[in-house]
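A.B. asks: build me a model from this:
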Amino acid sequence: MSEERENKLKATLIKHKKPETHNQQEQEKIDKKKVVVVKKKKPAYRVVAKKDSTTETQQIEVSREKNGDIKGREKQRTFKRSSQPENERKQGSGPLGTSEQAVKPAIKEEKKEEERKTRFRPTEYRRREARTDIEKREVSREAEYQKGKAPQDKKGAVEAPTIDRKQGNKKFYRAKKKDAYQKPKKEEHEEKVLPVKKKPPKKTSPVPREIDIMEVITVSDLAKKMHLKASELISKLMSMGMMVTINQQIDSDTAAILAEEYGCKVNIVSLYDETVIESEGDQEEELRPRPPIVTVMGHVDHGKTKLLDAIRKTNVVESEFGGITQHIGAYVVGHGRGKIVFLDTPGHEAFTRMRARGAQITDIVVLVVAADDGVMPQTIEAINHARDAKVPVIVAINKIDLENANIKRVKQQLSEYDLLPEEWGGNTLFSEVSALKGTGIDDLLENILLQAEMLELSANYNCRAEGKIIESKVDHGRGIVSTVLIERGTLRIGDAFVAGIYPGKVRAMFNDRNQKIEEATPAMPVEILGFTGIPNAGDPFQVTESEKLARQVGDKRQELKKIKEAKNVRKITLDNLYDSIQEGEVRELKVIIKGDVHGSVEALHTALEKLSKDTVKLSVIHASAGAINESDVMLASASNAILIGFNVRPISNALTLAEQEKVEIRKYNVIYDAVNDIKAAMEGLLEPEYEEHVTGRAEVRETFKVPKVGIIAGCHVTSGKVNRNFSVHVIREGVRIYTGKIGSLKRFKDDVREVEANYECGIGIENFNDIKKGDELEFFEVKKVDRKLDD
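C.D. replies: Numbers count the residues shown, from 1 in each chain. I've put the predicted structure just below:
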């Protein structure tokens, strides 16, 4: 409200002033307060008019323009004056009249208007208050600038400058307010522009000229080595007719062909080379004598464990299940001139494989033969294992205290296997002992030490330890426990190692007497804790420089094992022998012969040896009488040989093992059948046979020509049946003129799969339309018939 208008209002009140009463004085104070309130807020335009002096249309028009722009407010003000009675306008100079009666309603109306705006238009009310605050800050800001200091708010930012707003223009006000509250720009001398380094675009590396890969490699790994995308190689392989995925393995030949497309040469690197831990070379001055490692072998119940018990002077026989040694035991025995390490291998047939491993880690074999039984089948097997391992044999003739003992007969039998005693002109040491009474034990130990001196056994004690796994087991209290025989070097607690495909670290060691020790020297059997997996008996044990290297080698060996298992190793059979010969894979055919009697074995042996040719040499690596056992299967698997049984059958365990090792066992009861089969296999004549089985016949009674199909024969099935998958012979006047396949088979208008005898049908023959009325159709199926060999 302007100041001039306020003075006019006060003058009007004083002119028409009545005698004041107490209530009137209070009312005047209230009015003054209201006037002060009105001064703060922009007053609304008061309308004091009679309803009958204006039309309803005019009131609606005024209400629409009430809160409009400046022109609307001017129209409203003009309307209010015109609607006021003429006598009231003449009485006073104000637009509302000069009487007190007109002022009081105006104040009330103003109050209601203010409450209404505050209540129903809070946004407008707050906007007005914000404007007032901005005006106050503008004044204080100008005062501060005059003093030479710019005011700041609590956060340290400079307050917004004065806003020059225009009445009634909200968009202009908001734009100004937005510009006013923008954060002030920093001064130029405070700005520090850091140079932004743009990453150069990735350059695609060219395909290398050479890459190294293993026998098999995944598509993703090959793409990484060739600096290409895997999708590109996959599409290339698809164009070559190979549907592969990104993680699928391809062989080295395929990878080489694929790399040649990009001008890249492939070098095949064997994964085995990465799994080999090179041993340190031994100098002569570093070598020191070591105890001999002796393996005790012999037939079951010939007294092997009892003999070892007599040597150690301990009773371990009772601890074995059923009195049969179930696992390899390692013992250290001290004698006058030194120590001897004994390995007690099982003698039962079920543990032939363990005995074979025992022969590979020993220096001397003690062959135990009972004086009453003489040479038995397992005695011969033990001799063959020792001979294959090129290990000297010392014969211990046991049970000499029995009445029916015949030492001379035993020596005579062993001489047939080139084990001649020294008194007979041979070089084999013999000892006559009695394990039960303990006689002849010292003589046996002396012979062992004498043989060891002749072998000049020595080892390096100062290098990293190496050895062989004797046995492994899982102890519920200690975890995985393995018995290791140290062959060279010194093993200490804390050493990292690799055993087979498993890495580990030595946590504890125990000797053969279950005593905890800190280190183990060559030719010393120890139990070790700290394996990450269960190694197999016979696996190599090697100490590495660090645990990291041990883990790397272990991982590579496990990967190599998976690759070998994935490959289908082809064993030699009579069916694929000729193909193997043509491919150059086989230059020698090895055969193992087992028969019922020795005479039959010799006869078959002689007949087979006559089949040797220049292209293929046939050699019999083992021939003996008796059933086919596990030892025969293991020998055939190791030497890639064929097992021939003459009037004998394999035992159940040997048959299961043969299936696992993929060893072929051929059984015959006629010598000439065996000779002819092997001869035919060597000449490539042993091929699968195919036979035709006639399933039905039909007579052609009429022919029909079908457009775009050909000639259809209307037939009557005379015998058997007709199947759509069968083949057919077309016979005319007893002569077969065509052989082909059935193209269509219908009964009436329906396609059928099969038609029985005494029914009519329509038959179409593929690629043949020269069928005539009266022809005979013979239906057959081809079956592959395997050759059956007599048991």
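A.B. asks: got the contact list for whichever strand or helix holds residue 448?
C.D. replies: Under the criterion of DSSP states H and E, residue 448 resides in helix 441-455. Contacting residues not belonging to helix 441-455 are listed as 291-292, 294, 307, 310-311, 333, 335, 337-338, 340, 363-364, 366, 392, 394, 396, 429, 431-433 [C-beta atoms under 8 Å, 6 or more residues apart in numbering]. Where C-beta positions appear, they are placed from N, C-alpha and C, glycine not excepted.
A.B. asks: try it again with 7 Å
C.D. replies: When contacts are defined by C-beta atoms under 7 Å, 6 or more residues apart in numbering, helix 441-455 is touched by residues 292, 294, 310-311, 335, 337-338, 340, 363-364, 392, 394, 396, 429, 431, 433.
A.B. asks: please apply the same query to stretch 240-253.
C.D. replies: 213, 215-220, 230, 234, 237, 266, 268.
A.B. asks: kindly reformat these as JSON lines containing secondary structure.
C.D. replies: Shown next, in JSON lines, are these (DSSP: H, G, I helix; E, B strand; the rest coil):
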{"residue": "213", "secondary structure": "strand"}
{"residue": "215", "secondary structure": "coil"}
{"residue": "216", "secondary structure": "strand"}
{"residue": "217", "secondary structure": "strand"}
{"residue": "218", "secondary structure": "strand"}
{"residue": "219", "secondary structure": "helix"}
{"residue": "220", "secondary structure": "helix"}
{"residue": "230", "secondary structure": "helix"}
{"residue": "234", "secondary structure": "helix"}
{"residue": "237", "secondary structure": "helix"}
{"residue": "266", "secondary structure": "strand"}
{"residue": "268", "secondary structure": "strand"}
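A.B. asks: all helices for the stretch 301-450 of the chain, in order.
C.D. replies: Under the criterion DSSP state H, counting those that start in this stretch, the stretch 301-450 of the chain contains helices at 304-312, 352-360, 377-388, 407-415, 441-455.
A.B. asks: for the longest one, output the C-alpha coordinates as CSV.
C.D. replies: In CSV, the C-alpha atoms belonging to helix 441-455 read as follows (Å, rounded to 0.1, in the frame of the first residue of the first chain):
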residue,chain,number,x,y,z
ILE,A,441,69.6,-116.8,8.7
ASP,A,442,73.1,-115.5,9.1
ASP,A,443,74.2,-117.3,6.0
LEU,A,444,71.4,-115.6,4.0
LEU,A,445,72.3,-112.2,5.3
GLU,A,446,76.0,-112.7,4.5
ASN,A,447,75.0,-113.7,0.9
ILE,A,448,72.9,-110.5,0.6
LEU,A,449,75.7,-108.2,1.8
LEU,A,450,78.2,-110.1,-0.5
GLN,A,451,75.9,-109.5,-3.5
ALA,A,452,75.5,-105.9,-2.5
GLU,A,453,79.3,-105.4,-2.5
MET,A,454,79.4,-106.9,-5.9
LEU,A,455,76.8,-104.4,-7.1
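A.B. asks: just the angle between that helix and helix 304-312, please?
C.D. replies: In terms of direction (axes from the mean of the first three to the mean of the last three C-alpha atoms, to 10 degrees), helix 441-455 departs from helix 304-312 by 90 degrees.
A.B. asks: quick one: closest of the helices of the stretch 301-450 of the chain to residue 470.
C.D. replies: For the helices of the stretch 301-450 of the chain, proximity to residue 470 was assessed by C-beta to C-beta; helix 352-360 is nearest, at 8.2 Å.
A.B. asks: average pLDDT across the helix or strand harbouring residue 638?
C.D. replies: According to DSSP H and E, residue 638 maps onto helix 630-639. Throughout helix 630-639, pLDDT has a mean value of 83.
A.B. asks: in it, what's buried?
C.D. replies: By neighbour count on 16 or more other C-beta atoms under 10 Å, the buried set for helix 630-639 is 630-637, 639.
A.B. asks: can you lay out the residues you listed as JSON lines showing distance to residue 448?
C.D. replies: Below are these laid out as JSON lines (distance: C-beta to C-beta, whole Å):
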{"residue": "630", "distance to residue 448": "29"}
{"residue": "631", "distance to residue 448": "25"}
{"residue": "632", "distance to residue 448": "30"}
{"residue": "633", "distance to residue 448": "32"}
{"residue": "634", "distance to residue 448": "28"}
{"residue": "635", "distance to residue 448": "27"}
{"residue": "636", "distance to residue 448": "33"}
{"residue": "637", "distance to residue 448": "32"}
{"residue": "639", "distance to residue 448": "30"}
